[in-house]
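Asks: sequence below, structure please.
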Amino acid sequence: MTLKLKQGLWLWAGALALMLLAIIPLGGLGRAAVALIVVGCVALGCVRAARQRQLPGSLDNLALPPAAYRHPVVLVCGDGLAGLFGETCNDQPALRMTEQGCYLRVSRAQQLPELTDTVLALRPEWAGQLCVMFIVNPGEHTDAAVLAGHVRTFNYQAGLIGQRGIALPLMLVSYLQSSASKGTWFSWEAGQGTCNIREGGACLGPDDWYRLPAEHATHTRRLQAGVQLNSAAAWLDEYVLAHFASREGRQPVGLPLVCASTLVPTLPGMMTGNLWGLWLRGKTGLRDADAQVQAPDASLPFPDPLLNLLPVQARRLPIRRASVIALWLFAAAAVVALTSSAWQNTLLLRQVSDDLRRYASIAPTERRDQPEFAQREEALNVLREDAMRLDHYYRRGEPLALGLGLYRGEQLRAGLLSTIANHRQPSTSPMPARAVRTVRLDSLSLFSSASARLKPESTRVLIDALVGIKAQPGWLIVIAGHTDAVGSDEHNLQLSRARAAAVRDWMQRMGGIPDSCFAVQGFGKSQPIASNDTEAGRQANRRVDIRLVPEAGACVFPMAGADVQPPVANAASVY
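Replies: Numbering: from 1, shown residues only. Predicted coordinates:
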């Protein structure tokens, strides 16, 4: 992926993150902190992408194919590199292009991990096209221990690449010096016990290859090549493949995907007394007539016919890959935004619904001095704030945090406005002057000490007290009894209520006032009007108070005629 595409993806990711900040609910300070973190991460990502693009490597002087190149890219190490790439400076990579693939020289096996990283840094699109070709030429080795060391070193370096999660298909190639069947490739693929022969663009089995029509000399060379190839396969299995299958190494890479050999007239680096010659004479009794022919400048063919056996997976073009990544980033941001919007709408519904339930749970009252009135007014103010908020969203559109097609506040707005419109305040009309008067009677003038039975002489006091009190519908006559602090609390409470009830019974009997017009209360010693430490104070506290209180539904009179008037009485002692 190019530098511009990488930096573009970082900028796209940063833009999506900043857009999410407008949706996810955060405080002002938290939003600013997250925005700074996002900007810092984007800047760091762009700088890091630029540094990776400028990664110094040994391939800077090579004309690598473009990123859209789709043929196999083969890292070649082992024997015979001079015959494939020509003479180059030591430890310097070289590049050769053919019709079927691109070959990169790896001078030493220890350079394989570093060169792999460099190639992937310059061409990350080639991750599915990168392969390794390890060359072992039997004619170039005279010491089996040294050869084993080379194989183990390669095995270890390839294992280091696998540790990083990079899977590189491996092809083992051998060049055998012989004049028979020049240009023919013999391959053994993983999981197959037979040899495939590729010649002239065709892939044949050994029997079919031997039966191809040809001259007698050609048949002879084919039979000779078959013997040599069978021996070469046995030699490779003993000297080379055994180290790939061994578990002694710390990072075994397993058997190669393809093992291939070809016969060449001359082999650069051919050594006298090599392991191949000794094997051939010891196992078959044959001696290669061309074994002494050496040509240091001879070239070797690249295994183009075998490249189609490697599992190359071409990656998407950089612009397509960047587009897919950008689409996935957008999808992830959309999921986060929709989740946040759904959650915020759920919280809005819960809040408004809870406010409505709270208002409905408070019973309405007709008096402003009752605690329920203040609670109901407070709940109503909260509902008004909710209504203003929803009305603002209705007129100017809901915020992005609640939008994205998930806004559900409109379904609550109509019910909320209806609840507010149906709210009724207690009556504020001024109470008649007589309605706020309180008639206070001395208990000693009505009752004997510690008694709730009216004295015979109390009739005059009660008649004088009732003059001027007018019972009417919607007004409650509240009779409250009080005592001094002498005696137990329970006794005083019962006595005060009993005295108030006695006054109520007399008034109801004598005045013909309905029972619904009365309310009887006993407060005992809890509401003194004077100190209980003196006799005068205790006498003042022993009292019966009579007052009128407006209350809906109270004091209902039977309708005997249109001219029926409520009873009237006159207050003798009014405070």
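Asks: shouldn't Ala501 be in contact with Val520?
Replies: Yes: using C-beta atoms under 8 Å, Ala501 is in contact with Val520, at 5.1 Å. The C-beta positions use only the backbone N, C-alpha and C, and glycine is treated the same way.
Asks: who touches both of these two?
Replies: Here Ala501 and Val520 have Ile479 as joint contacts, going by C-beta atoms under 8 Å, 6 or more residues apart in numbering.
Asks: domain boundaries for the chain, per the record?
Replies: Split into domains by automatic domain parsing, the chain comes to 3-55, 73-316, 321-421, 434-570.
Asks: the ones you listed: which one's closest to Ala63?
Replies: domain 73-316 (6.9 Å; C-beta to C-beta).
Asks: how many neighbours does Asp207 have?
Replies: When neighbours are defined as other C-beta atoms under 10 Å, Asp207 has 8 of them.
Asks: for Gln100, see how far away it is.
Replies: Going from Asp207 to Gln100 by C-beta to C-beta, to the nearest Å gives 27 Å.
Asks: circling back: for the domains of the chain, give me a markdown table that also has mean pLDDT.
Replies: Formatted as a markdown table, those follow (pLDDT from 0 to 100):
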| stretch | mean pLDDT |
| --- | --- |
| domain 3-55 | 80 |
| domain 73-316 | 82 |
| domain 321-421 | 82 |
| domain 434-570 | 77 |
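Asks: out of these, which comes closest to Leu64?
Replies: Using C-beta to C-beta, the domains of the chain put domain 73-316 closest to Leu64, at 6.5 Å.
Asks: and the closest one, how far out from the chain middle?
Replies: In terms of C-alpha atoms, centre = their mean, to the nearest Å, the centre of domain 73-316 is set 50 Å apart from its chain centre.
Asks: ok so, going back, now the domains of the chain in JSON lines, with distance to Pro66?
Replies: JSON lines is the format used below for these (distance: least, C-beta to C-beta, whole Å):
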{"stretch": "domain 3-55", "distance to Pro66": "14"}
{"stretch": "domain 73-316", "distance to Pro66": "9"}
{"stretch": "domain 321-421", "distance to Pro66": "15"}
{"stretch": "domain 434-570", "distance to Pro66": "91"}
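Asks: closest to Ala67 out of those domains?
Replies: domain 73-316 (4.7 Å).
Asks: after the biggest helix by length in the chain, which helix or strand is next?
Replies: Longest helix of the chain, by residue count under DSSP state H: helix 318-361. Using DSSP states H and E, the helix or strand that directly follows helix 318-361 along the chain is helix 371-396.
Asks: may I see the buried residues of that following helix?
Replies: Buried residues in helix 371-396, counted by 16 or more other C-beta atoms under 10 Å: 373, 375-376, 379-380, 382-383, 386-387, 389-390, 393.
Asks: nearest to Gly159, of the residues you listed?
Replies: Nearest member of these to Gly159, counting by C-beta to C-beta, is Tyr393, at 62.9 Å.
Asks: could you pull out the helices for the stretch 151-300 of the chain?
Replies: For the stretch 151-300 of the chain, applying DSSP state H, counting those that start in this stretch gives helices covering 206-210, 216-236, 242-245, 275-284.
Asks: and for Thr142, the neighbour number?
Replies: Residues near Thr142, counting by other C-beta under 10 Å, number 15.
Asks: what's the closest non-adjacent residue to the spatially most central residue of the chain?
Replies: In the chain, the centroid-proximal residue (C-alpha atoms, centre = their mean) is Val336; its distance is 7.1 Å. When the adjacent residues along the chain are set aside, Val336 lies closest to Leu20, with 5.9 Å between them (C-beta to C-beta, 6 or more residues apart in numbering).
Asks: that's a helix at that neighbour, yeah?
Replies: Yes: Leu20 forms part of a helix when assessed by DSSP: H, G, I helix; E, B strand; the rest coil.
Asks: ok, Gly78 to Gly183 distance?
Replies: 21 Å.
Asks: between the two, which has more neighbouring residues?
Replies: Neighbours were tallied for Gly78 and for Gly183 using other C-beta under 10 Å; the higher tally belongs to Gly78 (21 against 12).
Asks: quick one, helices of the stretch 1-150 of the chain?
Replies: Secondary structure of the stretch 1-150 of the chain (DSSP H, counting those that start in this stretch): helices at 3-21, 28-53, 81-85, 112-122, 144-163.
Asks: what would the ones you listed look like in CSV with mean neighbour count and distance to Lys455?
Replies: Converted to CSV, those look like this (neighbours: other C-beta atoms under 10 Å; distance: least, C-beta to C-beta, whole Å):
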stretch, mean neighbour count, distance to Lys455
helix 3-21, 17, 84
helix 28-53, 13, 77
helix 81-85, 20, 135
helix 112-122, 18, 114
helix 144-163, 17, 111
